[in-house]
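>>> Mind folding the following:
(one chain, ligands or ions: 3)
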Amino acid sequence: MASLAFSPVNKAPSIKPETTRTNRSGFVKASLPSWRKRLPESHRVNVATETLVSSQPTTIEEVDRTGKLAAWTSVRHERWEGELVVEGQLPLWLKGTYLRNGPGLWNIDEYNFRHLFDGYATIVRLFFENGRLIFGHRQIESEAYKAAMKNRRLCYREFSEVPKPVNFLSYVGELASLFSGSSLTDNANTGVVKLGDGRVVCLTETIKGSIQIDPETLDTKGKFEYTDNLGGLIHSAHPIVTETEFITLLPDLVQPGYSVVRMEPGSNERKVIGRVNCRGGPAPGWVHSFPVTEHYVIVPEMPLRYCAQNLLKAEPTPLYKFEWHPEGGSYVHVVCKASGQLVASVEVPLYVTFHFINAYEEVDEEGRVIALIADCCEHNADTTILDKLRLQTLRSFTGVDILPDARVGRFRIPLDGSPVGELKAAVDPDEHGRGLDMCSINPAYLGKKYRYAYACGAQRPCNFPNTLTKIDLVEKKAKNWHEEGAVPSEPFFVARPGATEEDDGVVISVISCKNGEGYALILDASSFEEIARAKFPYGLPYGLHGCWVPKE
Ligand SMILES: CC(=O)/C=C/C=C(C)/C=C/C1=C(C)CCCC1(C)C
Ligand SMILES: CC(/C=C/C=O)=C\C=C\C=O
Ligand SMILES: [Fe+2]
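Ligands and ions are numbered 1, 2, ... in the order given. Have a look, this model is predicted:
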């Protein structure tokens, strides 16, 4: 690919003239929100052309000198918006907005966060229309972010970071607030979903960290409040969201188990579909994601379990808020969506996963459902992956291969009352370099028999997934995309309107480069070859999960 000249042209249809102004270099400056206007100048996060953080590299030369990848370096500015120069050709049918959320700010002044999951949420927007691409990013104005910016210190408990008590009284107060949930973060840095009614919500694992945003301006509209009385403090970071429903799991730390809940479009009220009691331990297994089939919700009970003692600790443990309990076993439970009944609960080999890929029903010749198949990015039951996501480890790649192996873990859950299920690799892991995470599928195949999964894989040696991989689960082969030194984020599949083939569409990924630069990459999903790329004004930090908001 030839190198690109970057030319910001601010023609973004989303930019409201009254809230933005353009400076000489074409960057869009935002007017300050009221909570920031109250801050002394020295306490404000700088916008657009000014640097956001002092302890991170801020120029490409500095990035080169320090050797820090854009992926693990805090976002350079609080916000930016403008049109990108596209190299290659964007399909004219590609009309809509790709939103991608992730933890983009990992420090408060000189204080550096430890873990990838700690960073304050940065939402990225790629708006495609008529072969053109408008790009923007912005910080989500959670209470945790605003308080940190105002007080210049950590004020809420993040994934691994805990605010330092200033004295004994505040320590006691801190413990009390942990139980009430008031000290937990609302930093919605994990994903973003478009509800069936069009509302766009950023999410994390704390329930209070559900924040509605405007998908055009990226404005934080406010808390997404659940109006039911279900209580609880945490939920799965990955609800299943379709045009007709929102299904999620609420882990119950008091009576170990999970509630399966459903919310309709237009409503803020979750209703309980069913409940599963844990079988293997004193606390529920971590449930970052879960899969569904057409008729069932699959509830994973991993041996990596929430741990009350670790929740109380000020310093992170190697497993953070969790504990590994292989002695209690690993389980997968199945709840019928229509009746809420538990229809299967099987013991399976030990497993560790963040992300389920998809699931479907296996039928016999008479069309009876005899088993469920559920696929996930499985880390060979090795919990060390969690600690490999420490920023220090990610930033200090020495050329030694340290990424633990992962595979497409395929569960087979029989529905005939058998007490055990199977877990095997669905594809030879060497096909994707024995690295695997951050997956997507064609959403039309959600819960149905499917053939293709897109994910990040590995080209070794590496310390983090560094390829994009398209896995053919029928042929048991993978096609891989790799560029030296690049860290690609979740490959996100967007179907061509009217497509009949499962892989007729594009795959979008945000790439963070070794030299501090970055670009949007668009692959043809069928050939898995590049069709376009568009360079950002500067590289972006690694992000997690996205969603597609089609333009009607
Ligand atoms: C970014 C990502 O994938 C996961 C983020 C998880 C978070 C922010 C979890 C936070 C938690 C607390 C602050 C305390 C309670 C436990 C737990 C849900 C892990
Ligand atoms: C980045 C990640 C999990 C993100 C959760 O949302 C996992 C990476 C695993 C590496 O193989
Ligand atoms: Fe995730």
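>>> all contacts plus neighbour counts: C-alpha atoms, from now on.
Will do.
>>> Show me which residues of the stretch 151-300 of the chain sit near ligand 2.
For the stretch 151-300 of the chain, the residues in contact with ligand 2 (CA under 6 Å from any ligand atom) are Thr190.
>>> In the stretch 151-300 of the chain, which residue sits closest to ligand 2?
Thr190 (5.8 Å; CA to the nearest ligand atom).
>>> Spell out which residues of the stretch 201-350 of the chain are next to ligand 1.
Counting by CA under 6 Å from any ligand atom, the stretch 201-350 of the chain sits next to ligand 1 at Thr204, Glu205, Thr206, Ile234, Lys321.
>>> list the contacts for whatever residue of the stretch 1-150 of the chain ends up closest to ligand 1?
When scored by CA to the nearest ligand atom, the stretch 1-150 of the chain has Phe117 as its residue closest to ligand 1, at 4.1 Å. When contacts are counted by CA atoms under 8 Å, 6 or more residues apart in numbering, Phe117 touches Pro103, Phe159, Ser160, Asn189, Thr190.
>>> Scan the residues you listed and report the most crowded one.
When neighbours are counted by other CA atoms under 10 Å, Asn189 leads these with 32 neighbours.
>>> What parts of this structure come near ligand 2?
Thr190, Gly435, Leu436, Asp437, Phe464, Pro465, Leu544.
>>> what do you get if the cut-off is 8 Å, keeping everything else the same?
Selection of the chain residues close to ligand 2 by CA under 8 Å from any ligand atom yields 116-117, 190-191, 237, 288, 354-355, 379, 385-386, 389, 403-406, 435-438, 456-457, 464-465, 544-545.
>>> for Ile247, which residues make a bridge with it?
Ile247 has these beta-bridge partners by DSSP bridges: Ile240, Arg262.
>>> Likewise for Ile213?
Val200, Thr220.
>>> ok, now how distant is it from Gln459?
36 Å (CA to CA, to the nearest Å).
>>> Around ligand 1, which positions in this structure sit nearby?
102-103, 116-118, 157-160, 184-185, 187-191, 204-206, 233-235, 237, 288, 306, 311, 320-322, 544.
>>> Restricted to helices, list those.
Residues of the residues of the chain next to ligand 1 located in helices (DSSP state H): Leu311.
>>> Please list only the buried members of the residues of the chain next to ligand 1.
Buried subset of the residues of the chain next to ligand 1 (neighbour count, 16 or more other CA atoms under 10 Å): 102-103, 116-118, 157-160, 184-185, 187-191, 204-206, 233-235, 237, 288, 306, 311, 320-322, 544.
>>> Among these, name the ones in strands.
Using DSSP state E, the members of these that fall within strands are Pro103, Gly191, Tyr306, Phe322.
>>> Quick one: end-to-end distance for stretch 380-388.
15 Å.
>>> Same check on stretch 115-124?
Counting by CA to CA, the terminal residues of stretch 115-124 are separated by 20 Å.
>>> Let me see the mean pLDDT of that stretch.
Stretch 115-124 shows a mean pLDDT of 98.
>>> Stretch 152-170 now?
Rounded mean pLDDT across stretch 152-170 is 88.
>>> What of stretch 384-398?
Rounded mean pLDDT across stretch 384-398 is 95.
>>> contacting residues around that stretch?
68-69, 72, 113-116, 318-319, 379, 403-404, 462-464.
>>> Show me which residues of it are buried.
Buried residues in stretch 384-398 (16+ other CA under 10 Å): Ile385, Leu386, Lys388, Leu389, Arg390, Leu391, Thr393, Leu394, Arg395, Phe397.
>>> Keep only those of those that are in helices.
Ile385, Leu386, Lys388, Leu391, Thr393, Leu394, Arg395.
>>> Please report how far the first one lies from ligand 1.
Relative to ligand 1, Ile385 is positioned 13 Å away (criterion: CA to the nearest ligand atom, to the nearest Å).
>>> Same check on the third one?
In this structure, Lys388 and ligand 1 are 14 Å apart, going by CA to the nearest ligand atom.
>>> burial count for Lys476?
Counted with other CA under 10 Å, Lys476 comes out at 14.
>>> tell me the SS of the residue lying closest to it once chain neighbours are set aside?
Nearest residue to Lys476 in three dimensions, chain neighbours excluded: Val427, at 5.1 Å (CA to CA, 6 or more residues apart in numbering). Following DSSP: H, G, I helix; E, B strand; the rest coil, we place Val427 in the coil state.
>>> Surely Val427 and Lys470 touch.
No. Using CA atoms under 8 Å, Val427 is not in contact with Lys470; the gap is 11.7 Å.
>>> Between these two, point out the one with more neighbours.
Neighbours were counted for Val427 and for Lys470 using other CA under 10 Å; Lys470 has more, 29 against 20.
>>> mind checking pLDDT for the more buried one?
99.
>>> If it is in a bridge, with which residues?
Tyr454, Lys479.
>>> any idea how far it is from Ile373?
In terms of CA to CA, Lys470 sits 19 Å off from Ile373.
>>> Check Pro291 too.
10 Å.
>>> and what of Val474?
14 Å.
>>> Which residue of these two possesses the greater neighbour count?
Neighbours were counted for Val474 and for Ile373 using other CA under 10 Å; Ile373 has more, 24 against 11.
>>> Look at the more buried one and tell me its secondary structure.
strand.
>>> Hmm, it is touching Arg412, no?
Yes. Using CA under 8 Å, Ile373 is in contact with Arg412, at 4.8 Å.
>>> Need the residues touching each of those two.
With CA under 8 Å, 6+ apart, Ile373 and Arg412 have no common neighbours.
>>> For ligand 1, what's the nearest residue on the stretch 351-500 of the chain?
Counting by CA to the nearest ligand atom, the stretch 351-500 of the chain gets nearest ligand 1 through Phe354, at 8.1 Å.
>>> What separation do you get for the closest residue to that residue other than its chain neighbours and Gly543?
Spatial nearest neighbour of Phe354, chain neighbours left out: His288 (5.6 Å); criterion: CA to CA, 6+ apart. Using CA to CA, we find His288 at a distance of 16 Å from Gly543.
>>> again, but for Ile207
Ile207 is 20 Å from Gly543, by CA to CA.
>>> who has more neighbours, those two?
More neighbours surround Gly543 than the other of Ile207 and Gly543, with 29 against 24 (other CA under 10 Å).
>>> From Met438, how far out is the more buried one?
For Gly543, the distance to Met438 - CA to CA - is 10 Å.
>>> list residues touching both of those two?
Ser489, Glu490.
>>> For the contacts of stretch 384-398, name the two members farthest from one another.
Pairwise distances across the contacts of stretch 384-398 (CA to CA) peak at 26.4 Å, for the pair Lys68 and His379.
>>> What about Glu110, how many residues nearby?
12.
>>> With Ile273 as the reference, measure out to it.
On the measure of CA to CA, Glu110 and Ile273 end up 47 Å apart.
>>> same question, Arg460
Taking CA to CA, one finds Arg460 at 44 Å from Ile273.
>>> just Phe135 next, same as before
For Phe135, the distance to Ile273 - CA to CA - is 40 Å.
>>> The two - which one has more neighbours?
With neighbours defined as other CA under 10 Å, Phe135 and Ile273 compare such that Phe135 has more, 24 against 19.
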